[in-house]
Each structure stands twice: as structure tokens, then as C-alpha cells.
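Student: model this:
(chains A, B, C and D)
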There are 2 protein chains.
Amino acid sequence: MSDDGRERRPGATRRRGEELVRAIHEAAIEELLAVGVDRMTMEGIARRAATAKTSLYRRWSSTEEILIDAFLRVFPQEEPSPSSDDLRGDLVRALRMMRDWMTTVGARAVAEVVTARDRNPGLVEAVYARVFGKRGGGFTQTVLRHYVAHGAIAPARLTPVVLDIGEALVVKYRMDHSELPDDAYIDAVVDHAILPALGPPPGGD
Amino acid sequence: MSDDGRERRPGATRRRGEELVRAIHEAAIEELLAVGVDRMTMEGIARRAATAKTSLYRRWSSTEEILIDAFLRVFPQEEPSPSSDDLRGDLVRALRMMRDWMTTVGARAVAEVVTARDRNPGLVEAVYARVFGKRGGGFTQTVLRHYVAHGAIAPARLTPVVLDIGEALVVKYRMDHSELPDDAYIDAVVDHAILPALGPPPGGD
DNA sequence: GGAATAAGAAACGCTTGCGTAGCTAAGATA
DNA sequence: TATCTTAGCTACGCAAGCGTTTCTTATTCC
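Tutor: Alright, predicted model coming up:
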């Protein structure tokens, strides 16, 4: 009931420029997660940023514009670094990394926006361009390419489908249940789906 | 601008009872697809059904209730019927069936509702219970179980992960691109992901 | 210090949806 | 035909968001 505001700071300094803009960006993401793309309002964002509506309209003219702007400066995406000679271990680590990433604000924002893609095409593009990386976050992708480069996987095996298996199963799990998969499920994804699709190593290890 | 109404029928008969209820249900689904879960309104549904707000409030007290009700009487879900001795063919057919199903109103409704799961848990349950079938629509599932029963697949291979591979990849494809996968992609899903996960047939065909 | 800049606050009329009430009239029932 | 049920319509006061205007007041810049 009293969750929508932000505390006033009576004697505090007045924000301007970059500082204010950043605060508004953060508020926009918060608003997105709280009420969904379709219910975002300028007044809501202003409330969350503890600023005046006027300050929003001075720079943007819709919630969508604010959001796109917000996406364009956020969410660094960690890359898995396949190091060892342990394909299975690296795949598991990559998918765990993806799972962790899915708990972040950025990832939840992606999910929020993608469903409403028909209603907000511009937003979806911004999100894919910046937050989600190229086509769905290459978590296992990085690992798989690494092992292909080192001759442990036959290059022909790395079709677009195969590159997506892990991510697809994790995303679907999250869709069906309301939690993220646990370690055992991730292990199973690697053992029952990804590794079989890779087939035997070319040289016969 | 004038898309939201429905034509009046001046001398026409006045709907009541079941007929009216069905019209309202349809209008609710339409409204869902048009504006999204989060922006549905009683007035919008009434407008679409060309009825009076009063007639809605006589039976339900929120858009969510109407939607749940609507879901509870809809969308027969076709089942793939694995017949021949053609595992690959049956899998391809099952996934094509899934793809076709995804173009229906019901499927789009699922997608609409699932993202906003945090905000509408009741809806999500109703949708999963009725529209989406048990946990994500058993398109390939039906096929796979059939072939296990006939000894063509080792039962141990049929883990929850494996049952989901095909559906997961199709869903992810639709998330990443804005179209549904074509036949070639479905073939690839079967050949590069599902079949490898099933391993060689137990008897050695 | 004084001027320029930009943020905060309040109010504007307008629109849309809320949930309810009062009434008219269509269609089923007797 | 008379009656009862139930659509359909209109209107209500209320709340929230719109986009804009006007004014005050912090900060920054010179």
C-alpha cells in the first residue's frame, strides 16, 4: 500500500544531470519488474525515482523511451571461461552461470519484455541488442566453440540446434516450474541432452 | 481508433445465458491477446463482447475470474498418434503439431499469462491445468512413451530432461526469433538433439 | 556575489477504468 | 396474456494517469 514511494530527503542535496538520470533509469527497471511492461506509467517511475514528472518529460516522452535508454547502459554479461580439459565440467559451470544470471534484474527484465514483443517491438530489440547478448546468451556456446577449436568436438556437430539445447532446457524449466533448476537438473541436462548430441570425440580421445 | 467496439445489432435478438457467457469468454481471450494480462479491464471485455458492464459484474468480479473461467472451457488439445514404425517421422510430426498449436489463440494466451506469473499465480495455474496440458504439452512425450512401450527405446533414456528437449528448443526458437521454426529446423531438432539423446535402440533393431 | 540553469512542486482539464445503482425492455415461463 | 427473469443502458462519484503550464528554489557557473 505504501510501497510505491521513495523516502524524501528533507535537507538533502538536489540531484541533477547524470546522477538524476541514473536514478531514473534504475527506477524504470524497478517499475518494469514491479508492474510489467504494459502497466508502466510516467508517474510511477517518477514516484520510484523520487523526482518530479516534469523531470522525466524534460528528457523522454514515454516510458518505453526511458526503458530503452535504461537498457542501453546496463547489465554487464559475464562470459564463461572454459579453461580445463573438462568439457562436462565446463558445460555444467556455464549452465550454472546462466542460472545465476537469470536471477538478476537484467534477466527478469528480458523475460518481462519478450512476451509482450508484439506490443513493444522496439523494446525487444533494445533488450536483445544489449541485455541478452546475441541471440539468447551464449553460455554453453562459448564452451562448445572452445572445445571445437581444440579438436575435442567434431565441428559438424555444432549446429544451431545443438548450441541452444542447454539454454532451451533451462529456460523451459523456468517456464514450467516457478523456480530455477537445481544442480541435479543441470547435470541431467548436460548428461542426457548436450553430451549425447555432441557424439564421440573425433580423434577417439 | 474505432477498433475496440463491436457492431450493435439494432433489431437483433438479445443474448442470454450460455450464449452470452460464451461470447464474454471469447471476448476475454481476445482482450488478453490484444492488450496483455496486465492491462485487461472489465470495460474492455464488455466492449469486445458488445454487452454491458453490468452483465459482467453479475457473474464475475474481476477480469482474472473471467479469464480463468474462459480457460476452463476451451482449447481442445490434439494428441499426436504414433502409429507407424517410424520414430523419427513421428517425432517430426509431433513437433510440427506443436508448432501449429502455437499459432492458436490458446497457445498465445499461455505465453501471455506465463511471463506475468508473479503477478497472477492463479491464472498461471488455470492455464497449466487446462490449456497447456500437464507441464508443457506432451507432444514428443506421447511419441517417446509409445516407442518405449514397444521396446524401441531403452526406458532409462526417458528422463524428464529428454522428454522436454524438443519442446524446449521450439519454444526457445520462438522466443529468440519472432516466427515459428520451419520444417528444416524441426528436422534438425529431431536429428541433432532428440535422437542422439535416445541412444541406440536396446535390442539393436 | 549575481545570473543562468535545471530540479521540484502543484495544479490544470482530460481521459479511462472502477464498482454500483436505477431504470427500461427483451425473452422465457406460466 | 400476464409475469418474472435478466440483458442493456445511463449515470454516478472516485481514483489514476496523461501531458502541460506556472511558479519556486537549489545548484552551478562566471
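Student: and stretch A:41-54, which residues are buried?
Tutor: Neighbour-count burial for stretch A:41-54, counted by 16 or more other CB atoms under 10 Å in any protein chain shown, picks out A:42, A:44, A:45, A:46, A:47, A:48, A:49, A:50, A:51. For every residue, glycine as well, the C-beta is placed using N, CA and C.
Student: mean confidence (pLDDT) on that stretch, please.
Tutor: For stretch A:41-54, the mean pLDDT works out to 95.
Student: identify the residues contacting residue A:24.
Tutor: Shown in contact with residue A:24 (CB atoms under 8 Å, 6 or more residues apart in numbering or on different chains): A:45, A:49, A:51, A:55, A:56, A:59, A:66.
Student: related to what we said a few turns ago, let's have the buried residues of stretch A:41-54 in CSV, adding distance to chain B and secondary structure.
Tutor: Shown next, in CSV, are those (distance: CB to the nearest CB, whole Å; DSSP: H, G, I helix; E, B strand; the rest coil):
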residue, distance to chain B, secondary structure
A:42, 16, helix
A:44, 13, helix
A:45, 16, helix
A:46, 19, helix
A:47, 18, helix
A:48, 17, helix
A:49, 21, helix
A:50, 24, coil
A:51, 24, coil
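Student: for those residues, work out which two are farthest apart.
Tutor: A:42 and A:50 (14.2 Å; CB to CB).
Student: return only those of the contacts of residue A:24 found close to DNA strand C.
Tutor: For DNA strand C, the contacts drawn from those by CB under 7 Å from any atom of the strand are A:51, A:55.
Student: ok, back up a step: which single one of the buried residues of stretch A:41-54 is nearest to DNA strand D?
Tutor: residue A:42 (3.4 Å; CB to the nearest atom of the strand).
Student: do you have the helices of chain A handy? List them.
Tutor: A:17-35, A:42-49, A:53-57, A:63-71, A:87-101, A:105-115, A:121-126, A:139-149, A:160-176, A:183-188, A:195-198 (DSSP state H).
Student: picking up where we left off before, now the contacts of residue A:24 as a markdown table including distance to residue B:38?
Tutor: A markdown table is the format used below for the contacts of residue A:24 (distance: CB to CB, whole Å):
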| residue | distance to residue B:38 |
| --- | --- |
| A:45 | 16 |
| A:49 | 21 |
| A:51 | 24 |
| A:55 | 26 |
| A:56 | 21 |
| A:59 | 25 |
| A:66 | 18 |
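Student: please identify which of the contacts of residue A:24 is nearest to residue A:101.
Tutor: The closest of the contacts of residue A:24, once distances to residue A:101 are taken by CB to CB, is residue A:66, at 23.6 Å.
Student: check contacts around the closest one.
Tutor: Per CB under 8 Å, 6+ apart, neighbours of residue A:66: A:24, A:25, A:28, A:45, A:56, A:60.
Student: count the residues that sit near the fifth one.
Tutor: The number of residues packed around residue A:56, counting by other CB atoms under 10 Å in any protein chain shown, is 22.
Student: which residues of chain A lie near DNA strand C?
Tutor: A:8, A:14-17, A:20, A:50-55, A:58.
Student: any chance of the contacts of residue A:24 in JSON lines with distance to DNA strand D as columns?
Tutor: JSON lines is the format used below for the contacts of residue A:24 (distance: CB to the nearest atom of the strand, whole Å):
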{"residue": "A:45", "distance to DNA strand D": "8"}
{"residue": "A:49", "distance to DNA strand D": "13"}
{"residue": "A:51", "distance to DNA strand D": "13"}
{"residue": "A:55", "distance to DNA strand D": "10"}
{"residue": "A:56", "distance to DNA strand D": "8"}
{"residue": "A:59", "distance to DNA strand D": "12"}
{"residue": "A:66", "distance to DNA strand D": "10"}
